[in-house]
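>>> Can you look at this prediction? I've put the sequence above it.
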Amino acid sequence: MSSFHATPATRTSVDELLEATRRGLDRISARDAFAAFEAGDVLLVDTRYQAQRERDGVIPGAVLVERNELEWRLDPRGSHRLPQATSHDLRVVVLCNEGYASSFAAASLRQLGLRRATDLIGGFQAWKEAGLPVRESGA
Ligand SMILES: O=S(=O)([O-])[S-]
C-alpha cells in the first residue's frame, strides 16, 4: 500500500510570509485612506466577518465583500465583479479587523493585475481609533 508523503520545498513562517507580502504593498494609514476616500480616489473594501461588523459597526461608503468572495468581486474581467470593479487601475484599499489578513488579500488582488491594490494599516480598529466615520451595521 502506498502512502502519500508531502515534502514541502520550503518552510516559511506566517510572519515571514507576511513581511515578504507587505514589501510588495504600499500600505496606507487610516487617515490617508479617509482623505483619499473623501477625494473619491479609492474603493474601500471591508472584508470583515458579519459578526465583526455587527459588533463594531461599518465604515459609511465602504463596500462589504467577505474574504472568500474578494477575487471574484474585484476582478475587472470576472463575471461576478462588483459594478465598481471596472479597471485594473482602480485603487482598492482592503481592510480587515486589525490589518493582517488584509495584506494577503491585497497581494492576491495585485496578482489579478490590480496594480494599485493595498491594505489599511491596523484595519478597522485603527480607523475607529482615529475617530474616523463609523456607523452601526444595518443602520
Ligand atoms: O486578524 S485580522 O485583523 O487580520 S482579520
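Looks like it came in fine.

>>> Let's verify the residue most central in space within the chain: helix, strand, or coil?
For the chain, Val94 is the residue whose C-alpha lies nearest the centre (CA atoms, centre = their mean; 2.4 Å). Secondary structure state of Val94, per DSSP: H, G, I helix; E, B strand; the rest coil, is strand.

>>> and what of the one 5 residues further on?
Gly99 falls in the coil class when you classify it by three-state DSSP.

>>> Check the burial of it by counting its neighbours.
21 (other CB atoms under 10 Å). All C-beta atoms are positioned from the backbone trio N, CA, C, and that covers glycine.

>>> if I look at it, how far off is the ligand?
Applying CB to the nearest ligand atom, to the nearest Å, the value for Gly99 to the ligand is 6 Å.

>>> residues in contact with that residue?
Neighbour list for Gly99: 27, 119-123, 125-126 [criterion: CB atoms under 8 Å, 6 or more residues apart in numbering].

>>> Check Gly78 too.
Gly78 makes contact with 71-72, 85 under the criterion CB under 8 Å, 6+ apart.

>>> from the contacts of Gly99, which is closest to the ligand?
Nearest to the ligand out of the contacts of Gly99 is Gly123 (CB to the nearest ligand atom; 5.0 Å).

>>> Leaving aside the residues adjacent along the chain, what's closest to the closest one?
Leaving aside its sequence neighbours, Gly123 sits nearest to Gly99 (CB to CB, 6 or more residues apart in numbering; 3.8 Å).

>>> Please apply the same query to Leu70.
Distances taken as CB to CB, 6+ apart place Ala105 nearest to Leu70, at 5.6 Å, with adjacent residues excluded.

>>> Quick check: residues of the chain near the ligand?
Counting by CB under 6 Å from any ligand atom, the positions of the chain adjacent to the ligand are 96-101, 123.
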